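> Have a look; sequence and predicted model below, questions after that.
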Amino acid sequence: MNGYAGRTLHIDLGKQNFRIKNFDEALARKFLGGNGFAAKILYEELNPGVEPFSPENMVVFAVGPITDTPIPSTSRAYVATKSPLNNLFFDSTFGGRFAITQKRTGFEAIVISGKASSPTYLFIDESGVQFKSAAPFWGKLTRETVDALQATEGEDADAVAIGPAGEKLVRFACLTHYWRGREGVSGRGGVGGVLGSKNLKAIVVKGSRKTEVADLNSLRELIDSRKEAMEKGTAGLKNLGTPVLVNMINTIGGLGVRNLQEEHSPRAPEIGGERLKELFFERNDTCFGCPIACGKTLRLPPSPALKEGLRWKMPEYETLFALGSMADNWDPASLLRLNALCDQWGLDTISMGLTISFALECFAKGLLTPQDTGGRTLRFGDPDLLLQLVEETGKRQGFGDLLAEGSYRLAQRLGEEAAGLLPCFKKVEVAGHSARALKGMSIGYATATRGGSHHDARPTLQYVGEFDRTKAKGQPSFAVRTQNFTAFDDSLTQCRFASERGYGGLINENYVKMINAVTGWNVTLNELERLGERIYNLERAFNCREGVTRKDDSLPLRVTQQPIPSGPSQGMYCPPEEFQALLDEYYSLRGWNANGIPTAEKLQDLGLEEALRDES
């Protein structure tokens, strides 16, 4: 089967056994790979109500038909689980080389369930899996762990590991992968905590299978035809990486400051990509097979606070937002250290930073006291405090034990006034793309499978003006179309930067040509659009089965009640009556009922028999 090996690997950690299953072209054509495979597997095999930290929860690593083909930027790895932040479907992606090597094992999906009796890592090759002791690595930071595993298993093996935060079940613990200086972090949703709950320290993959392509000449023609567009569209990323967004987003008045009390600051250039490059740049880095090179290695010289200096990957825009502007921290050197600390301990920088900024505002308003924080004063603009809190969270020590639960659970302890300060959608801390300054992101986040993630509805088309960010009109369509696109794109799987800037930010004929050239199929544009819609509806059905309804498709108080107070987007927000109208229109476009649940007719139309059975 061109584009596929046709196999999935199912691992039970408790029983220490595995099964290899085969799938056919019909399933591949219906769910594609990556996101689609994971949604189907988790929907069918995970019982409703399962606790995320229980042995019954599953983690799925999945690749797609274009992975390890000549198409650029297909080294994006994909992982999904039931999130410990909100008990809902969640996925995350990461760069490096892991996805390529997983593809070469011949397993399109690796499905992990159960709990090991002692610290374990998995070694997966073309024949299956070996269960190996991770006792020497338990308690170690992620870089030391991955380096040791690669030394043991060989340079052609790739590893992804959790840090101490995952072992301690921090609810937003992440996974980290290192390859030739290009760190890849599966940041969002707490997948690292789920692996920690299973006593699983790392997954190592190693293989040499080749992915067959049906029509290599047509594929190369497509790649050549999109080369100029990709080069032009990614020039800013090649130069400065994602920190190029700091000044751009601040200029339009959408950069969150002091826990979203403001959305603009004259100090933003102090942590922008231009300044980081000027101060710390050492070299460009790239994921396997990617021409963009959006990664950068930065270097801090030795100092009294850091005697040996620091050489680490550049903080992404989201990190500069979450641990920088949101905390009123404009010290670029501290942001490099915070970024490295989160990667090493295995912490999502977005949830970490926003949980801290939420706590800082709560302290300023008297909702938290020194008695809660171990006698410490919490204040905005204190880089040393941030470094202390991040490490305490990774260790679950002192006040860090409360921060490790995330901002939503901290607000539950503090009461209704604190809940009004939350920067969360579906209990997940929001990414750095404003729900007030970008009208499309208000309805986009509210209806997102993953809540506060910017990888359901995508902000890109709001920034470039294809959808008017200042007006409500057309935004439900924006949310539906970009959500369907991301479900499709994460099933291919391809890096979002290459997809959006090279092949298009909505499903279009470029992707028809791509899939047909790889697989030899004859898919149509309508078929691909329905495929993205099918996957997104299956995710929604998963969440509805867990109790999600219209009440959960909501906005934080700040978005609906407090207009942006100053800056270029002053006065923007999404008042309740406007939001409810957007939600009605969105549900109508989706074919969901007024309570946000996919109708039987919609599920049947999309061929989602598994979800239709639950509906009936």
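Received, thanks. Keep in mind that what you see is a predicted model, and the values were worked out from it rather than measured.

> Please count neighbours and contacts with C-alpha atoms only from this point.
Fine.

> Sticking with the residue nearest the centre of the chain, tell me its helix or strand.
Note on the chain: the residue nearest the mean C-alpha position is S92, at 3.7 Å, using Cα atoms, centre = their mean. Per DSSP states H and E, S92 falls inside strand 89-94.

> Tell me the strands beside that strand, with direction?
Note on strand 89-94: by DSSP bridges, its sheet partners are strand 77-82 (antiparallel).

> pLDDT (mean, whole number) over the strand it pairs with?
For strand 77-82, mean pLDDT is 98.

> E144 and R299, how far apart?
Applying Cα to Cα, to the nearest Å, the value for E144 to R299 is 19 Å.

> quick one: the helices in the stretch 151-300 of the chain?
For the stretch 151-300 of the chain, the helices defined by DSSP state H, counting those that start in this stretch cover 164-167, 191-197, 216-233, 235-240, 244-252, 273-280.

> ok so, going back, how much space separates the residue nearest to the centre of the chain from F358?
Using Cα to Cα, one obtains 23 Å as the distance from S92 to F358.

> Just tell me which of the helices of the stretch 151-300 of the chain ends up closest to A157.
A157 lies closest to helix 191-197 among the helices of the stretch 151-300 of the chain, at 19.9 Å (Cα to Cα).

> okay, and the helix or strand of this protein with the least pLDDT?
Lowest mean confidence among the helices and strands of the chain (mean pLDDT, DSSP states H and E): helix 609-615, at a mean of 80.

> how distant is that one from the center of its chain?
Here helix 609-615 is found 28 Å from its chain centre; the criterion is Cα atoms, centre = their mean, to the nearest Å.

> buried sites along that helix?
A611, L612 (16 or more other Cα atoms under 10 Å).

> just stretch 206-217 next, same as before
Neighbour-count burial for stretch 206-217, counted by 16+ other Cα under 10 Å, picks out K206, G207, R209, T211, E212, V213, A214.

> So what would you say the end-to-end distance of it is?
End-to-end distance for stretch 206-217: 29 Å, by Cα to Cα.

> What of stretch 460-480?
Stretch 460-480 has its terminal residues 14 Å apart, counting by Cα to Cα.

> next one: stretch 45-65
Note: stretch 45-65 ends 23 Å apart using Cα to Cα.

> now stretch 132-149
End-to-end distance for stretch 132-149, by Cα to Cα: 11 Å.

> hmm, back to that, tabulate the helices of the stretch 151-300 of the chain in CSV, adding columns for mean pLDDT and distance to Q102.
Output for these, formatted as CSV (pLDDT from 0 to 100; distance: least, Cα to Cα, whole Å):
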stretch, mean pLDDT, distance to Q102
helix 164-167, 98, 22
helix 191-197, 98, 18
helix 216-233, 97, 22
helix 235-240, 96, 27
helix 244-252, 98, 31
helix 273-280, 97, 33
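
> Reformat those helices as a markdown table; add distance to T524.
Formatted as a markdown table, the helices of the stretch 151-300 of the chain follow (distance: least, Cα to Cα, whole Å):
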| stretch | distance to T524 |
| --- | --- |
| helix 164-167 | 43 |
| helix 191-197 | 35 |
| helix 216-233 | 16 |
| helix 235-240 | 31 |
| helix 244-252 | 35 |
| helix 273-280 | 40 |
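
> Any idea which of those helices gets closest to L389?
Nearest to L389, of all the helices of the stretch 151-300 of the chain, is helix 164-167, at 12.8 Å by Cα to Cα.

> returning to that earlier point: quick check, the residue nearest to the centre of the chain in contact with Y78.
Yes: the pair S92 / Y78 is scored as a contact, 6.0 Å apart, by Cα atoms under 8 Å.

> if you count what's nearby, which of E144 and R299 comes out ahead?
R299 (19 against 13; other Cα atoms under 10 Å).

> For that one, which residues count as its bridge partners?
Bridge pairing for R299 (DSSP bridges) gives the partners R311.

> re the thing from before, now for the helices of the stretch 151-300 of the chain, which one comes closest to V559?
V559 lies closest to helix 244-252 among the helices of the stretch 151-300 of the chain, at 16.9 Å (Cα to Cα).

> just how off-centre is the closest one within its chain?
Distance, centroid of helix 244-252 to centroid of chain: 21 Å (Cα atoms, centre = their mean).

> Quick check: which helices or strands does that helix pack against?
Contacts defined by 3 or more Cα pairs under 8 Å, 6 or more residues apart in numbering; DSSP states H and E place helix 244-252 against helix 273-280, helix 317-322.

> Can you name the element that comes right after the last one?
Just to be clear, that refers to helix 317-322. helix 332-345.

> Now do that next one and helix 273-280, the angle between them.
Here helix 332-345 runs at an angle of 90 degrees relative to helix 273-280 (axes from the mean of the first three to the mean of the last three Cα atoms, to 10 degrees).

> Does helix 332-345 pack against any helices or strands, and if so which?
helix 142-153, strand 310-313, helix 317-322, helix 383-395.

> quick one: contacts of it?
Residues from elsewhere that reach helix 332-345 (Cα atoms under 8 Å, 6 or more residues apart in numbering): 141-143, 162-165, 176, 185, 270-271, 276, 300, 310, 312-315, 319-320, 323-324, 348-349, 383-384, 386-387, 390-391, 394.

> make it 7 Å
By Cα atoms under 7 Å, 6 or more residues apart in numbering, the residues outside helix 332-345 that reach it are 141-143, 163-165, 176, 270-271, 276, 312, 314-315, 320, 323-324, 348-349, 383, 387, 394.

> Show the subsequent helix or strand relative to that helix.
Note on helix 332-345: by DSSP H and E, the next helix or strand toward the C-terminus is helix 349-364.

> What average pLDDT does that next one get?
Averaged across helix 349-364, the pLDDT comes to 98.

> how about the nearest residue to G591, chain neighbours excluded?
With sequence-adjacent residues excluded and distances taken as Cα to Cα, 6 or more residues apart in numbering, G591 is closest to K602, at 5.9 Å.

> so which strand or helix has the one you found?
Taking DSSP H and E as the definition, one finds K602 inside helix 600-605.

> Break the protein into its domains for me.
7-205, 243-421, 437-492+524-615 (automatic domain parsing).

> Out of those domains, which one sits most buried?
Among the domains of the chain, domain 7-205 has the highest mean neighbour count (mean count of other Cα atoms under 10 Å), at a mean of 23.

> Straight-line length of that one, end to end?
End-to-end distance (Cα to Cα), domain 7-205: 15 Å.

> what sits against the residue nearest to S208 when sequence neighbours are not counted?
Distances taken as Cα to Cα, 6+ apart put R104 closest to S208, at 4.9 Å, once the chain neighbours are dropped. By Cα under 7 Å, 6+ apart, the residues touching R104 are G207, S208, R209, K210.

> How about L461?
Contacts for L461 (Cα under 7 Å, 6+ apart) come out as F467.

> so how far is the helix or strand containing it off the chain centroid?
Here L461 sits within helix 460-463, counting by DSSP H and E. Helix 460-463 has its average C-alpha position 18 Å from the chain's average C-alpha position, going by Cα atoms, centre = their mean.

> C-terminal to that helix, what's the next element?
Sequence order places helix 475-492 as the next helix or strand after helix 460-463, per DSSP H and E.

> Could you check how far S92 is from A305?
S92 sits 34 Å away from A305 when distances are taken as Cα to Cα.

> Distance to G504 and mean pLDDT for the helices and strands packed on helix 332-345 - can I get that in JSON lines?
Shown next, in JSON lines, are these (distance: least, Cα to Cα, whole Å; pLDDT from 0 to 100):
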{"stretch": "helix 142-153", "distance to G504": "35", "mean pLDDT": "97"}
{"stretch": "strand 310-313", "distance to G504": "28", "mean pLDDT": "95"}
{"stretch": "helix 317-322", "distance to G504": "22", "mean pLDDT": "98"}
{"stretch": "helix 383-395", "distance to G504": "38", "mean pLDDT": "98"}
